[in-house]
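Student: Provide a 3D model corresponding to the input given below.
(chains A and B)
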2 protein chains.
Amino acid sequence: MIRDIIADYAKNVESELDILLGGKNDCCQKKIYESMRYSVDAGGKRLRPVIMLMFAKMFGLDSRHVMRFACALEMIHTYSLIHDDLPAMDNDDLRRGKPTNHKVFGEAMAILAGDGLLNFAAETVLEKGYNLPAERIIDAARELFNASGVSGMIGGQVIDIESEGKNVGIKELELLHRLKTGALIRAAGRIPAVLAAADREQLLAVTGYCENLGIAFQIQDDLLDVFGDSAELGKNIGSDEANGKVTYVTILGREGAEKLVDEYTDKAIACLEQFGNGALELTELARYLTKRRN
Amino acid sequence: MIRDIIADYAKNVESELDILLGGKNDCCQKKIYESMRYSVDAGGKRLRPVIMLMFAKMFGLDSRHVMRFACALEMIHTYSLIHDDLPAMDNDDLRRGKPTNHKVFGEAMAILAGDGLLNFAAETVLEKGYNLPAERIIDAARELFNASGVSGMIGGQVIDIESEGKNVGIKELELLHRLKTGALIRAAGRIPAVLAAADREQLLAVTGYCENLGIAFQIQDDLLDVFGDSAELGKNIGSDEANGKVTYVTILGREGAEKLVDEYTDKAIACLEQFGNGALELTELARYLTKRRN
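Tutor: Numbering: from 1, shown residues only, chains lettered A, B, ... in the order given. Predicted coordinates:
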């Protein structure tokens, strides 16, 4: 069952995150590690690391070589949520069914915990002990930080904040999501491809899968924010409407948005044709995500 | 004159920062680049990059090879100031004689500009085009992010926030500053040493210089906050007292603190003895800093 396979990958990532962020309790920075761990441990689907580990397997990479990148990606995703939830940003009290970081640790510590996670992501991928050429580590690390930076995720958050309450069209919406959520999902596929020294054609196929999956994922997010169950989601529904956000649902309606999820999912799967059975997990993951309820 | 030499190094760094952060005005993230540049352009002494470039010269490194690290270090220093000034942290309105970032761009953009600078520091050092072994780039980048992380600068900021209004002793004060300001100054010396493949003895000497200089620098900061001139400093004086902070001056008094500046400066200079005339600029820099007025 793909559900169990996903759960296994997620568990592996969580164990590694525990090791990386744990055992630091004895030092004088106990409180910030507690705050960083609080949000990392809060769960979530671990979608980005799961995608990364599936691609790593497809390319025949030793999972130990990508595990640090998988953890770094999850740290970056988590820091972005901590900062997005701050009063000056989306001002959210609840995330994954738990109080947001600043509600528990205060705003100052939440800002520092976010900074700490982004910084720790860099430390994690730069740590010694790879059995791969150093050039490839640098190339993969560059993929990661280009994806999370101003030309990627941070840029998407800027557009999101700037466009609140404005009447944006579907083109702007696509750009926003391609950066805000899409960039890290794209990196989740491209990093193992780079580490495995994939050729250009393979890299394009991986990128295509991730980009289409990313859009499908985001449309689904918009649908769940209107038609989802707040208990299953672990957050309040209707927040997009409350924040005056234009979404795929406000533009296309429920049926139009659902149809688009299927279309993008099909496109994503089609990109991996050249990998044959090697891409089975990734194909099933894409189908599985269309039925997700959180 | 050492003053002119410092100014020259600073100017080179500023030109490179302009190139790195400029020319991005055409993209959709115009506003965040504006906000990032605002704080980077706000000036300051560029002490960390200047130290780095002086060590690079001492080790006979081509300055182009360290310039990216010098710029990344200044980006990280700047992001830390932006986040430290936020209302949830020190709540400062003035920095280097200008309104702080969040006063001009709003809190949300200031948080993102800080995140953006930290992330861009990683992108900058990971960019292609070095003429040095990739292993050394990774080692130097690791020095950088270990210094700016939870075991370094961020950890120092945590201690600073946690100790406000508390009666800390000189040992805690030293730990705070060794992390908060000391770690990046230490990295400023160690990174060119690593890039030049310095031996262990050299690395220890460089580290010793930077650590002692860092403490002297911090004591001087405390002195200027009480006895400095707010126009020359570009910020209000007396802020430590207003924030209930224990400083070298509150513990040791003016004379005791001034004596300690000289002692640590002498110690710093003594560390570089083995480099002979090669360390002349760094020796003069240390002397020059004891007389600084901002």
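Student: And the strands in chain A?
Tutor: In chain A, the strands defined using DSSP state E lie at A:94-95, A:98-99.
Student: among those, where is the model least confident on average?
Tutor: Sorting the strands of chain A by mean pLDDT places strand A:94-95 lowest, at a mean of 88.
Student: Could you count how many residues lie near A:F227?
Tutor: Applying other Cβ atoms under 10 Å in any protein chain shown, we find 12 residues neighbouring A:F227. All C-beta spots, glycine's among them, are computed from the backbone N, C-alpha and C.
Student: before we move on, what about the one 5 residues further on?
Tutor: Using other Cβ under 10 Å, A:E232 has 13 neighbouring residues.
Student: And the pLDDT for the most centrally placed residue in chain A?
Tutor: When chain A is reduced to its mean C-alpha position, the nearest residue by Cα atoms, centre = their mean turns out to be A:R48, at 4.5 Å. As predicted, A:R48 sits at a pLDDT of 97.
Student: Which among the strands of chain A is found nearest to B:A56?
Tutor: B:A56 lies closest, by Cβ to Cβ, to one member of the strands of chain A: strand A:94-95, at 44.5 Å.
Student: Please name the strands paired to the closest one in the sheet, noting orientation.
Tutor: strand A:98-99 (antiparallel) (DSSP bridges).
Student: outside of the strand it pairs with, which residues touch it?
Tutor: Strand A:98-99 has contacts (Cβ atoms under 8 Å, 6 or more residues apart in numbering or on different chains) with A:A42, A:D93, A:G234.
Student: about what we covered before: check contacts around the residue nearest to the centre of chain A.
Tutor: With Cβ under 8 Å, 6+ apart, A:R48 has these contacts: A:A70, A:L73, A:E74, A:H77, A:L184, A:I185, A:A187, A:A188.
Student: which parts of the stretch 151-294 of chain A sit against chain B?
Tutor: Residues of the stretch 151-294 of chain A lying close to chain B by Cβ under 8 Å from any Cβ of the partner chain are A:S151, A:I154, A:G155, A:Q157, A:V158, A:I159, A:I161, A:E162, A:L175.
Student: Tabulate the residues you listed (TSV), appending pLDDT and neighbour count.
Tutor: Formatted as TSV, these follow (pLDDT from 0 to 100; neighbours: other Cβ atoms under 10 Å in any protein chain shown):
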residue	pLDDT	neighbour count
A:S151	93	20
A:I154	96	25
A:G155	95	25
A:Q157	94	26
A:V158	94	26
A:I159	91	22
A:I161	89	18
A:E162	87	18
A:L175	91	17
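Student: Just give me the closest of these to A:A110.
Tutor: A:Q157 (15.6 Å).
Student: A:L17 - how many residues pack around it?
Tutor: For A:L17, which is what you asked about, the neighbour count (other Cβ under 10 Å) is 23.
Student: Surely it and A:A42 touch.
Tutor: No. Contact criterion Cβ atoms under 8 Å: A:L17 and A:A42 do not qualify, at 11.6 Å.
Student: Sitting in helices, which of the contacts of A:R48 do you find?
Tutor: In this view, those that belong to helices under DSSP state H are A:A70, A:L73, A:E74, A:H77, A:L184, A:I185, A:A187, A:A188.
Student: Ignoring the adjacent residues along the chain, who's closest to the first one?
Tutor: Put plainly, it is A:A70. Nearest residue to A:A70 in three dimensions, chain neighbours excluded: A:P49, at 3.7 Å (Cβ to Cβ, 6 or more residues apart in numbering or on different chains).
Student: What count of nearby residues applies to that neighbour?
Tutor: Close neighbours of A:P49, defined as other Cβ under 10 Å, add up to 26.
Student: Same question for A:N131.
Tutor: The burial count assigned to A:N131 is 7, neighbours taken as other Cβ under 10 Å.
Student: Tell me where the stretch 101-250 of chain A has helices.
Tutor: A:101-105, A:107-126, A:134-148, A:153-163, A:170-180, A:182-195, A:200-227, A:230-233, A:239-242, A:248-271 (DSSP state H, counting those that start in this stretch).
Student: does any part of the second one sit near chain B?
Tutor: Yes. On the criterion Cβ under 8 Å from any Cβ, helix A:107-126 is in touch with chain B at A:107-109, A:111-112, A:114-116, A:118-120, A:122-123, A:126.
Student: Could you tell me the phi and psi values at A:D90?
Tutor: phi -80, psi -10 (degrees, to the nearest 10).
Student: Contacts only, for it.
Tutor: A:D90 sits next to A:D84, A:S239, A:N243 when contact means Cβ under 8 Å, 6+ apart.
Student: And these, which is closest to A:L285?
Tutor: Ranked by distance to A:L285 (Cβ to Cβ), those are led by A:D84 at 24.9 Å.
Student: Next one: A:G97 relative to A:R3, how far apart?
Tutor: For A:G97, the distance to A:R3 equals 20 Å [Cβ to Cβ, to the nearest Å].
Student: Look at these two and report which has more neighbours.
Tutor: Neighbours per residue, other Cβ under 10 Å: of A:G97 and A:R3, the larger number sits with A:G97, 14 against 9.
Student: Identify the residue nearest the more buried one in space, chain neighbours excluded?
Tutor: A:G97 sits nearest to A:G234 (Cβ to Cβ, 6+ apart), 3.4 Å away.
Student: Thought A:K45 was touching the one you found, still the case?
Tutor: No. Using Cβ under 8 Å, A:G234 makes no contact with A:K45, being 11.0 Å away.
Student: any common contacting residues for those two?
Tutor: Shared contacts of A:G234 and A:K45, counting by Cβ under 8 Å, 6+ apart, come down to A:N294.
Student: most surrounded residue in the contacts of A:D90?
Tutor: Neighbour tally across these (other Cβ under 10 Å): the maximum, 21 neighbours, falls on A:D84.
Student: That one contacts A:Q157, doesn't it?
Tutor: Yes. At 6.6 Å, A:D84 and A:Q157 qualify as touching, with contact defined as Cβ under 8 Å.
Student: re the thing from before, return the member of the contacts of A:D90 nearest to chain B.
Tutor: A:D84 (9.5 Å; Cβ to the nearest Cβ).
Student: and the gap between A:S35 and B:A7?
Tutor: 41 Å.
Student: what's the answer for A:D90, then?
Tutor: Distance, A:D90 to B:A7, using Cβ to Cβ: 44 Å.
Student: ditto for A:Y79
Tutor: Taken as Cβ to Cβ, the span from A:Y79 to B:A7 is 37 Å.
Student: do the same with A:D222
Tutor: A:D222 is 54 Å from B:A7, by Cβ to Cβ.
Student: before we move on, the earlier item: between A:S35 and B:A7, which is the more surrounded one?
Tutor: Using other Cβ under 10 Å as the criterion, A:S35 and B:A7 rank with A:S35 on top: 25 against 13.
Student: pretty sure that one contacts A:N101?
Tutor: Yes. Using Cβ under 8 Å, A:S35 makes contact with A:N101 at a distance of 6.3 Å.
Student: between these two, what contacts are shared?
Tutor: Common contact partners of A:S35 and A:N101 (Cβ under 8 Å, 6+ apart): A:M109, A:A110, A:A113.
Student: For the first one, give me the pLDDT.
Tutor: The reference is to A:M109. Taking A:M109 on its own, its pLDDT is 97.
Student: now swap in A:S15 and tell me
Tutor: At A:S15, the predicted lDDT confidence score is 96.
Student: Settle this for me: A:E16 is touching A:A72, isn't it.
Tutor: No. Between A:E16 and A:A72 there is no contact under Cβ under 8 Å: 10.5 Å.
Student: follow-up on the earlier one: which of the contacts of A:R48 ranks first by neighbour count?
Tutor: A:A188 (31 neighbours).
Student: Now do the same contact list for it.
Tutor: By Cβ under 8 Å, 6+ apart, the contact list for A:A188 reads A:L47, A:R48, A:P49, A:I51, A:M52, A:F55, A:L73, A:C210.
Student: tally of neighbours for A:P192?
Tutor: Using other Cβ under 10 Å, A:P192 has 28 other residues around it.
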